[in-house]
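Asks: predicted model follows, preceded by the sequence.
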Amino acid sequence: MPAVDDKYELESIMIPSDDIKRRVRDLASRIESAYRGQEITLAGVLKGAAIFMSDLAREIGPTVDVRMDFMAVSSYGNSSTSSGVVKIVKDMDASVEDKHIILVEDIMDTGLTIAYLKEMLSTRSPRSFKTCVLLEKPERKKVDSEIDYRGFTIADEFVVGYGLDYAGKWRHLPDIWRLSRAPR
Ligand code: IMP
């Protein structure tokens, strides 16, 4: 097992890549059925959602006109405790007005980031607004924010891999891993 930090190590696989692939395919097929014949914009939150969103997009068939856009927010920096303050570091390139928007996030922890982005994007008059989140930690939730397309519900453990990082590391791993101890 690779130990790449003197404090934290990868401990064990929580969700193997095959399970992730299967679930991503399910989510994509639900999105495809809901939006057949229409245009949608997947709005990914960098950097955590980049890998999830690119896999998700490729599983949505050609009957949906899929656009991809990204935004970057900062709330964690290099630490892992939500400050509750979300700063838009990079906004979406295209207008949201009159579009079917699906906000794509890697994980809902406290829910503060998604609640903030939902509020912000809703003021821009999208035609519809939905959320697609790979992982949800219900025990950590601080605000009630609805998830329309959910990958997995997980326990309150800090996870990395498949786009998720700790201090910039481990995003590239195809499986989702637990860390040896929680960085908080
Ligand atoms: P929230 O605003 O507390 O819901 O935080 C969401 C953000 O926190 C995510 O987009 C991640 O960047 C980060 N985060 C929360 N839990 C984890 C975790 O277990 N691993 C990696 N990043 C996490």
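Replies: Nice, I can see it.

Asks: model confidence over the helix ranked longest in the chain, on average?
Replies: The longest helix of the chain (DSSP state H) is helix 17-35. The pLDDT scores in helix 17-35 average 98.

Asks: may I ask which helix or strand encompasses Ala72?
Replies: strand 65-74 (DSSP states H and E).

Asks: re the thing from before, what's the longest helix of the chain in contact with?
Replies: Residues outside helix 17-35 that contact it (C-beta atoms under 8 Å, 6 or more residues apart in numbering): 40, 52, 55-57, 59-61, 63-64, 100, 102, 132, 134, 149, 151-152, 162, 174-176. Just so you know, the C-beta spots here come from the backbone N, C-alpha and C atoms, and that holds for glycine as well.

Asks: whichever of these end up buried, select them in PyMOL.
Replies: Burial among these is assessed by 16 or more other C-beta atoms under 10 Å; the matching PyMOL selection reads:
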select buried, resi 40+52+55+56+57+60+64+100+102+132+134+149+151+152+162+175+176
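
Asks: among the contacts of helix 17-35, name the ones in helices.
Replies: Filtering the contacts of helix 17-35 for helices - DSSP H - leaves Phe52, Asp55, Leu56, Ala57, Glu59.

Asks: any idea how far the ligand is from the last one?
Replies: Spelled out, it's Glu59. 21 Å (C-beta to the nearest ligand atom, to the nearest Å).

Asks: what sits closest to that residue if chain neighbours are left out?
Replies: Ala28 (3.4 Å; C-beta to C-beta, 6 or more residues apart in numbering).

Asks: now do the second one
Replies: For Asp55, the nearest residue in space outside its immediate sequence neighbours is Val24; the separation is 5.0 Å by C-beta to C-beta, 6+ apart.

Asks: okay, now that neighbour: neighbour count?
Replies: Residues near Val24, counting by other C-beta atoms under 10 Å, number 20.

Asks: any idea how far it is from Tyr166?
Replies: 22 Å (C-beta to C-beta, to the nearest Å).

Asks: then Asp19?
Replies: Counting by C-beta to C-beta - Asp19 and Tyr166 are separated by 21 Å.

Asks: and the two? Which one has more around it.
Replies: Ranked by neighbour count (other C-beta under 10 Å), Asp19 and Tyr166 place Tyr166 first, with 24 against 15.

Asks: check the secondary structure at the residue lying closest to that one once chain neighbours are set aside for me.
Replies: Leaving aside its sequence neighbours, Tyr166 sits nearest to Val160 (C-beta to C-beta, 6+ apart; 5.2 Å). Here Val160 takes the strand state, with states given by DSSP: H, G, I helix; E, B strand; the rest coil.
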